[in-house]
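# Predicted structure and sequence below. I'll ask about it afterward.
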Amino acid sequence: MALSLFGRGGHDIFDSLTSGVIKDPFEAFSVSENTPSRQYARDTHAVANTQVDWRETPESHIFKADLPGLTKDDVKVQLVDGKTLEIAGQRKKEDVHHGDTWHRVERAHGSFLRRFRLPENTIADEVKAHVLDGVLVVTVPKLKKPKPQVRQIEIL
């Protein structure tokens, strides 16, 4: 029997190399009510891996999110109260087929939600979004600043 800090009942972390079954090295630890669930941890990982760039131009705010493997049906973009942009979706776990041997699982799966508080100078009714090659682009137009009006005052 191998001595292992990570296993139960004589199994060690390296059993997954020969059995083809991926084992969670932390499953032996008890989970109390105060610790986050595994689903929460997966979702947190998915959110952390949803990278978003926010660029401001003179005409608009442009958000770009990397969403590889997702289609427009997998993603939801909303504007809440005209002030908060929400980008949400879910990366689905790949189907496991009997007889498959997994050597590495690194891609995150689970739900994600990113929120961005928009500045006051945005036009909520004209927000546009599209997905191209796994990149979501959301464009939020800005209000045009009125040109300062100069009025000549006649001196009496």
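In hand now; what should we look at?
# Show me how the protein divides into domains.
Domain segmentation of the chain under automatic domain parsing yields 1-30, 50-141.
# Give the burial count for Lys64, as a bare number.
Neighbour count for Lys64, taken as other Cβ atoms under 10 Å: 15. Every residue, glycine included, has its C-beta placed from N, CA and C.
# One more: Leu143?
By the criterion of other Cβ under 10 Å, Leu143 has 10 neighbours.
# Tell me which residues touch it, please.
Residues near Leu143 by Cβ atoms under 8 Å, 6 or more residues apart in numbering: 121-123.
# Repeat the analysis, applying 10 Å as the threshold.
Contacts for Leu143 (Cβ atoms under 10 Å, 6 or more residues apart in numbering) come out as 119-123.
# and it, how far is that from Arg115?
22 Å (Cβ to Cβ, to the nearest Å).
# ok now do Glu86, which residues does it touch?
By Cβ under 10 Å, 6+ apart, the residues touching Glu86 are 76-80, 113-116.
# now Val105: how far from Gly69?
Val105 is 14 Å from Gly69, by Cβ to Cβ.
# quick one, helices of this structure?
Per DSSP state H, the chain carries helices over the ranges 15-19, 38-48.
# rank those helices by pLDDT, which is bottom?
Ranked by mean pLDDT, the helices of the chain end with helix 15-19 at the bottom, a mean of 50.
# ranges for the strands of this protein?
In the chain, the strands defined using DSSP state E lie at 52-56, 60-66, 75-80, 84-91, 110-117, 128-132, 135-141.
# Check which helices and strands the last one is in contact with.
Strand 135-141 makes packing contacts with strand 52-56, strand 60-66, strand 75-80, strand 84-91, strand 128-132 when contacts are defined by 3 or more Cβ pairs under 10 Å, 6 or more residues apart in numbering; DSSP states H and E.
# ok, that strand: who's next to it in the sheet?
According to DSSP bridges, strand 135-141 has the following sheet partners: strand 60-66 (antiparallel), strand 128-132 (antiparallel).
# ok, and for the last one, which residues are buried?
Residues 129, 131 are the ones in strand 128-132 that count as buried (16 or more other Cβ atoms under 10 Å).
# just the longest one next, same as before
Under the neighbour-count criterion of 16+ other Cβ under 10 Å, strand 60-66 has 60-61, 63, 65 buried.
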